[in-house]
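In: Mind looking at a prediction? Sequence and model below.
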Amino acid sequence: MSAANYNEVSASQLMFNNWREITLDIGASQSTLQDFKLTESSGFFSYNDSNSWLSPTSNRFIYWRIHNDIVELCELSLDVNLIGNQLRLRFQNTHVLDGVSIHETGDQVFILIATVASVHRLILPHPRKLANDFEDRSVMPDFKQFIDSSGTVLRTSIFFNVTTEKLRESNSYRVLNDLYNVGSSSFTSSAVPFPVTCCSWLTNRKEAVFVLGNSVGTLLVVQMSSEAGKVISWELKQTKFMERLWKGLIPSIMRGNQEGTDVAVSIVSHASYAGDDYFVFALCRDLRIRMWSYLRQELLIVHNVLNSSHCNLSQHYTTNGNNAVGKGQHSFNVRRPVLRKVIPINDSNNLYLAAFIAIADQKQFIIMKLVFEEATWKLKTSAVLAAPEEDIRDFIVTNDRIWSLSISSENEIRSQIGSNELTADEYTSLEHTSWEKFYSYCTQYHSVANKPLGLFLDPNTGLIGFIKKNTLSFLKPAQVYDDVIMFNKTFDNSRLKRAELEVTLETNVISFLNALKTFSDNLTEEMLLNFELGMETGEVVETIAQEIVDNFLIVATDVTTLNADPLKNTFDNLFIKTPLLIEAIEAILKSLDFEETVDTEFSTTNTIMPILSQFLSSNVGICLLSESIRQVSRMRYNFCRELLLFETFLLQLRDKKGFTAPKIEKMHTSIVPTTAIYLQACYFMCWVCETPMRCDGNVVGLEEVISQLSVLDMNEYINMNRGKQESPKTNDFVPKTILSRFIHHNRCSLGRRLLSAKFAAVDGASTAETYTTALPLMVHSILQLLWPMSNMFYLPEFLLGYGQYQLILQYTQLLDSWCQYNVYSRQFLKGFVYLVLGETNKTIELFQESSFGIGKEHLFRRLINAPVNEHETENEELLNPVYLFNYYNKLIQLAKIHSQPETVIQLASQGILMLDSATDTNYDEHYSSLLITLFISHLEMDNISDAYQTMILNPNESQRKNCLRQFILTLCERKKYEELISFSFNDLDEDFVNILESRARACDLLSTAKDRVTHYEILHAYFVSNNNFRKAAAIAYEYARRLSHEVPGFESLAKQVKFYAIALNCLKLVKDKYAWVIKPTLKVIPSIALSTSEKNTSINKRTYEGTDILIDAEDDTSLNSAVKKSIEVLDVNDLQREYQLANVRLKLLQKDP
């Protein structure tokens, strides 16, 4: 491709000041422009036949600019002057998204505009239509001359007649209040996921389609039908398949992450090569192009652009704080647009995508071709080109070149350099100074926002804090042992007095804390970071501590003499100065156990004191509680971490004076393991306080959630509000953590019950300062509810009630390796979650293991309907057969809810093995119930033989008969007649025949489908297979006789002949002695008249053609007397005559239909 030079021809002398402005107020807040920023953008549209000289659209085009809430539309023509061609649309207080598109049909032009709060479809007349109307001059009565002074033709622009009323027509716009919760005040909340990019198109049915990509990574499709006011919307999923309980339980808008890497940066669309479908392409922040099918709402492609680029992938790995950021989380900060679609001229069957990526100092254009290979769509790289070093503002790709518009990123530095020449070091220094200046501005903004302005104190409640420029802070009273843990150099004995330690321990505790403080000061940030990373990866805490001591502390310290400062003065003669060091550590560790520090017995039946029912229930109060608990948890975790490192280091000092063998042994076997356990417990508490928990509304799958909660007897979670709880109208806070959700749920009634019990024990509680007295107790009460080393199991029940299955798995993972409390309950929770997630291979084993917790742990109380007044105990009497049966019955119900018959079969089989006929007085009832469950599941799984065996084993005769009836019905519905008659049924043979006979005689032969096998035919086949030919003949004869009486027509007669012949042949196979059948007949008894009520009833009869008719019993002389059954015995000769008679009738009907 040869190079080309271009000279700029400016149009600055043209006067574009005749803007006609229309303002639309869709109800957005006035603060929208302040809260949300989008870059300026522009676009261009040319008419399809702009290259046709005789067309009204020759050399005619439209361009637009977008800035904040304004769209400027201008239609220009190089051939004619357009009147009213400049239109400025101001969408009051709501930004316009880049993605405006214009489309034309035969007589209309559609302009599609999306804002952060609405979508708009402006329908305008096509220039061709205006040209036709222009000829009669009736549409422009105010214009006398249509030729200007220079002789140039004047034409009306398509924007000429645009009015506010036209823009407000019902089919012209749609406000997205119901989709994004934007309204008069919603935009003030930072939690609202604003759209940040979009694309739009017009379908063949003139439906306007918008694809909106928002700041949390979801794509919303809004379709405006050609019918007025009809709008539908849906979400394009980011994955190729769905887990319906998680995913079905939750709303689409709040599913993403505000900082997610799947946020779309640029979106384009393209019409499918076949049908009415469209493809949607999105280049996301993780540098992946995702392609969806618009009609199927299916993700088709996830293509990693980096696989096609020449970038150094090692530059895409960064470290942020304590968390390593891996592949897919790139620093991606370029101006949009970064994705363009390319349709080559004269090759409309191929689609190319051009992507611009800029990572670090590497910037490239990547051209990809969409191909369909091996029954799937793929993006194949066609070319990779280096891009200019400047920031790309816009670019266009043609057949043979790429046009780019760039803005220099070095303007700030160049403005300081001027025309001077700088060395590389000087330039680097100047660049560093510029960044420092920018950082200074950021820190100044932060400092100003947090600048304290004054204190406040409420003398009545004791509430104290200080007000900041943009927020306020509270001062929380510290708990007793927190004073000890927060020990520093200004520590005094008064704090130990509050802790009520033994007098002999006070000196030793102070000496120990002094040594720990000095040791902590020598821990570097790198050591603590390595420790945190080890905790996150689940390593053994003792191993983590040992590695840090070996790799960092011992290297700088002579563990034999401790000559190295500053640890020398601390550890020299430590055991002489602190003879009760082991006891001092034990006393401090004991204070960390919230279960040990509770003096009151907790019960869910405790009443809540009226004065505490609303205490700290507001959003501000919940925020205060959450932050207070987080601080306590984080502080205790830090203390345990440093204590464990301190103890590990002490074990290296075995030759120090006073460190005797018994003390070493106790340190090894008791102190270090106990410290490790408390460390992991405090780490768990930090996880609860700092882990976000989404709690979005969910319509799909809600019935399933309610059903499983009902089975688990968790009724308090059934009728709760599962919708989004953040509200811009209140002082809410985000993100919501597990802790804040737990406190918010039902106003933390459990914590208030415990608080009430504690508060009642406080002297003068009713007159005490509520803040200084009740806040520490409330904090402690909630900590006790969450503390893992107790029998309380309310937190996981809460997570289960809200359907937080992934969090439950994390919960169990954090505790399983060390926590000995509620072991079986956690096993049950894991089994339940795996059941919901469809991983049934793990479910059965976990449920079996958890059964050993029946009668021992809190969770199983409600699960097995155990009496509430029974205290938790390991008494084996609680493991009685009734509770075991109830347990497995609950598991089976849960498996049925999730439609997993295989799991039901395994659970029922396991439940049968657990039954004990020697101790279970209701053994037969329980055994029968589980067998019925097995039978139904086997039928559902189409395990016919297993279902038959299970049915035969059922000891309950009535249940066995019910199963038989279901067995027959199911196999008949599935048309498995051969399998049905292949079973012997043993002692159920008579019941089998009776059920089929009753169903055969009850069915309406006239309404029976022609191709359906009747119950008569099944019975006949069953009798023949069992060599019972007389019964086979009898049932065939009965069927033929019913056909002759009830079903008219040629086909019925043919079937009569067939079954008369079958009955005759079967009877001939029987010995002459038994070769007979019974024929029921009706004999009239004239002496017995019908009752009056019987005469007044209407009777159904049918004509020969089968039409139902109603006759009155009083008018029917044939029924004007009672009837009485009589029995007639038929032999082979009688059947022969009936067969011949029916056969003759059939032949006559064939000859003369």
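Out: Yep, it's here. Numbering: from 1, shown residues only.
In: Can you get me a residue count around Ile26?
Out: For Ile26, the neighbour count with other CB atoms under 10 Å is 20. Quick note: C-beta positions are derived from backbone N, CA and C, even for glycine.
In: what sits against it?
Out: Taking CB atoms under 8 Å, 6 or more residues apart in numbering, we find Ile26 in contact with 91-92, 94, 115, 117-118, 173, 175.
In: any idea what it is structurally, helix, strand or coil?
Out: coil (DSSP: H, G, I helix; E, B strand; the rest coil).
In: Worst mean pLDDT across the helices and strands of the protein, which element?
Out: strand 323-325 (a mean of 33; mean pLDDT, DSSP states H and E).
In: The helix or strand that that one is followed by - contacts with which helices or strands?
Out: For strand 323-325, the succeeding helix or strand toward the C-terminus, using DSSP states H and E, is strand 339-342. Here strand 339-342 is seen to pack against strand 264-271, strand 278-284, strand 352-359, strand 391-397 when contacts are counted using 3 or more CB pairs under 8 Å, 6 or more residues apart in numbering; DSSP states H and E.
In: What residues sit buried inside the longest helix along the chain?
Out: Longest helix of the chain, by residue count under DSSP state H: helix 619-650. Residues of helix 619-650 classed as buried: 619, 621-630, 632-650 (neighbour count, 16 or more other CB atoms under 10 Å).
In: again with stretch 510-525
Out: Buried residues in stretch 510-525 (16+ other CB under 10 Å): 510-516, 518-520, 522-523.
In: and if you look at stretch 976-986?
Out: Neighbour counts over stretch 976-986 (16+ other CB under 10 Å) mark 980-981, 983, 985 as buried.
In: Going by distance to Glu1038, which of the residues you listed wins?
Out: Of all the buried residues of stretch 976-986, Glu1038 sits closest to Ile981, with 18.0 Å by CB to CB.
In: State the distance from the closest one to Gln810.
Out: The spacing between Ile981 and Gln810, counted by CB to CB, to the nearest Å, is 55 Å.
In: where does the residue nearest to Glu21 when sequence neighbours are not counted land in three-state SS?
Out: Sequence neighbours aside, Arg88 is the residue nearest to Glu21 in space, at 4.4 Å (criterion: CB to CB, 6 or more residues apart in numbering). Three-state assignment for Arg88 (three-state DSSP): strand.
In: In this structure Arg88 contacts Arg20, no?
Out: Yes - with contact defined as CB atoms under 8 Å, Arg88 reaches Arg20; the gap is 6.8 Å.
In: which residue sits closest to Leu24 in space, ignoring its chain neighbours?
Out: Phe91 (5.3 Å).
In: Specify the local secondary structure of Ala478.
Out: Three-state assignment for Ala478 (three-state DSSP): coil.
In: show me the contacts for Val549.
Out: By CB under 8 Å, 6+ apart, the contact list for Val549 reads 645, 648-649, 652.
In: I'd like the residues you listed written out as JSON lines, with pLDDT and distance to His126 added.
Out: As requested, the contacts of Val549 are arranged in JSON lines below (pLDDT from 0 to 100; distance: CB to CB, whole Å):
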{"residue": "Leu645", "pLDDT": "93", "distance to His126": "78"}
{"residue": "Thr648", "pLDDT": "90", "distance to His126": "81"}
{"residue": "Phe649", "pLDDT": "88", "distance to His126": "84"}
{"residue": "Gln652", "pLDDT": "79", "distance to His126": "87"}
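In: on that earlier part again, tell me what the next helix-or-strand element following the longest helix of the chain is packed against?
Out: On the C-terminal side of helix 619-650, the nearest following helix or strand under DSSP H and E is helix 661-666. On a contact count with 3+ CB pairs under 8 Å, 6+ apart, helix 661-666 meets helix 581-591.
In: what's the domain layout of this protein?
Out: Annotated domains of the chain cover 411-449, 480-695+736-790, 1081-1151 [automatic domain parsing].
In: Just the pLDDT at Thr543, thanks.
Out: Reading off the confidence values, Thr543 has pLDDT 92.
In: How many residues are close by it?
Out: 11.
In: buried stuff in the strand or helix carrying it?
Out: In this structure, Thr543 sits in helix 541-548 according to DSSP H and E. By 16+ other CB under 10 Å, the buried positions in helix 541-548 come out as 541-542, 544-546, 548.
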